[in-house]
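Visitor: 3D, please:
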Amino acid sequence: MTAQRMLFLIMATFISVGIWLTGISVAHWFSFVAPAALIFAGVTGICPGLVVLKKMGFK
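Guide: Down below sits the predicted model:
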């Protein structure tokens, strides 16, 4: 596992703990998008945000 993938998983964990401490039923559904994308990136090695930005023309 690379350091970048581990960073994605750690960031997802911190955001998820913050949502959990706030209250899962209180948090808006959009709050779960970032940790889900980070978990996906950490497990597969493909960052959805990076793919979208590259398709938009950024390097």
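
Visitor: so where's this structure uncertain?
Guide: Nowhere does the chain drop to pLDDT under 70.

Visitor: any idea which helix is longest in it?
Guide: Secondary structure assigned by DSSP state H gives helix 3-22 as the longest helix of the chain.

Visitor: ok, then the element right after that helix?
Guide: Sequence-wise, the next helix or strand downstream of helix 3-22 (DSSP states H and E) is helix 33-44.

Visitor: next one: that next one to chain centre, how far?
Guide: Helix 33-44 has its C-alpha centroid displaced from the chain centroid by 4 Å (Cα atoms, centre = their mean, to the nearest Å).

Visitor: What lies in contact with whichever helix or strand comes after it?
Guide: The helix or strand immediately downstream of helix 33-44 is helix 48-55, counting by DSSP H and E. Contact partners of helix 48-55, identified using Cβ atoms under 8 Å, 6 or more residues apart in numbering, comprise A37, F40, A41. Where you see a C-beta, it was placed from the backbone N, CA and C, and this is true even at glycine.

Visitor: relative orientation of helix 48-55 and helix 33-44 in degrees?
Guide: Interaxial angle, helix 48-55 versus helix 33-44 (axes from the mean of the first three to the mean of the last three Cα atoms, to 10 degrees): 90 degrees.

Visitor: Pull helix 48-55 out as CSV, backbone CA atoms only.
Guide: Taking C-alpha atoms only, helix 48-55 is exported to CSV below (Å, rounded to 0.1, in the frame of the first residue of the first chain):
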residue,chain,number,x,y,z
PRO,A,48,-12.5,9.9,-8.5
GLY,A,49,-11.8,13.6,-8.0
LEU,A,50,-8.5,13.4,-9.8
VAL,A,51,-10.2,11.6,-12.8
VAL,A,52,-12.8,14.3,-13.0
LEU,A,53,-10.3,17.2,-12.8
LYS,A,54,-8.1,15.6,-15.6
LYS,A,55,-11.2,15.3,-17.8
